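**Student:** Okay, sequence plus prediction incoming.
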Amino acid sequence: MWLNAPNITCTHGFSTRLGGVSSIPFDSLNLGGSQDDSEKIKENRKIALEKINLSSTQLFTLKQVHGNDVCFPQSQPQEGDALVTDKKNTTLAISIADCYPVLFYDEVNHIIGAAHAGWRGTQAKIVETTLKAMIQLGAKTENIQVAIGQGISQDKFEVGAEVIEKFREAGFPEKCWSGNKIDLIACNLFTLFQNNIPKKNVWTMNRCTFENDFFSYRQDKGVTGRMWAVISMT
């Protein structure tokens, strides 16, 4: 149900598609989207959060728009692609189904973050804006641990020449793509290291959403469920 990063010591997880109540093609732990039965999604969220001793009481999500805006949790609905906070007992959740989830934790200064990094967010350097927001709260780059979860692998991520050109214009090195296939992990690592995150502080899951354990928007042609990446200082 949940996969964990060894370098993030607070409560967190990257969900799989396993262990819920939704029916095909959303089987079974679908945590979002508008195509599945809303009551089943609600039950799945309850099951998943309880598994890691969290609740929906102080749970914050976003209307994700594939940009690079970072939000501080608020009671009203928010639009953006990353959340950061220094508040304990606050759970940040990012929804994914091919885009990469990135979790951040400064254990020394008690600050967490969660970012949604699809190709647009990656090209717009969402991890950089997330780091800057954490630093605004008092985080230090040398203390920030970063975990990159499951997402579409380079082998499966074929794009048009215009997308490659956008990455080139944004300053990403040629090693981040091969032909017409982009390595989004390599792109996000490049941005993290540009922003002085030590290599020893970064963990990558290196698993592709085309695997049977996960939902994939591209593989399932848009009819699929959603996974979450969550993080909380309890």
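**Tutor:** That came in fine, so what should we check first?
**Student:** Need the phi and psi values for residue 16.
**Tutor:** phi -100, psi -170 (degrees, to the nearest 10).
**Student:** mind pulling up the phi and psi values for residue 116?
**Tutor:** phi -110, psi 110.
**Student:** Bridged to it, which residues?
**Tutor:** According to DSSP bridges, the residues that bridge with residue 116 are residue 101.
**Student:** For it, the count of nearby residues, please.
**Tutor:** 26 (other C-beta atoms under 10 Å). Every residue, glycine included, has its C-beta placed from N, CA and C.
**Student:** My guess is it contacts residue 98. True?
**Tutor:** No: between residue 116 and residue 98 there is no contact under C-beta atoms under 8 Å: 10.8 Å.
**Student:** shared neighbours, these two?
**Tutor:** Counting by C-beta atoms under 8 Å, 6 or more residues apart in numbering, residue 116 and residue 98 have no contacts in common.
**Student:** mind listing the helices for this protein?
**Tutor:** Assigned helices in the chain, in chain order: 38-51, 119-123, 126-136, 161-169, 184-194 (criterion: DSSP state H).
**Student:** So, low pLDDT: which residues of the chain?
**Tutor:** Nowhere does the chain drop to pLDDT under 70.
**Student:** Just give the number of residues close to the nearest residue to residue 115 once chain neighbours are set aside.
**Tutor:** Take residue 115 and drop its neighbours on the chain: the residue closest to it by C-beta to C-beta, 6 or more residues apart in numbering is residue 82, 3.9 Å away. Using other C-beta under 10 Å, residue 82 is surrounded by 28 other residues.
**Student:** close enough to count as contact, residue 82 and residue 124?
**Tutor:** No: contact between residue 82 and residue 124 fails when scored by C-beta under 8 Å: they sit 11.0 Å apart.
**Student:** Overlap of the contact sets of the two?
**Tutor:** Common neighbours of residue 82 and residue 124 (C-beta under 8 Å, 6+ apart) are residue 68.
**Student:** before we move on, back to that, okay if I get the helices of the chain as JSON lines plus distance to residue 222?
**Tutor:** Output for the helices of the chain, formatted as JSON lines (distance: least, C-beta to C-beta, whole Å):
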{"stretch": "helix 38-51", "distance to residue 222": "17"}
{"stretch": "helix 119-123", "distance to residue 222": "16"}
{"stretch": "helix 126-136", "distance to residue 222": "23"}
{"stretch": "helix 161-169", "distance to residue 222": "19"}
{"stretch": "helix 184-194", "distance to residue 222": "19"}
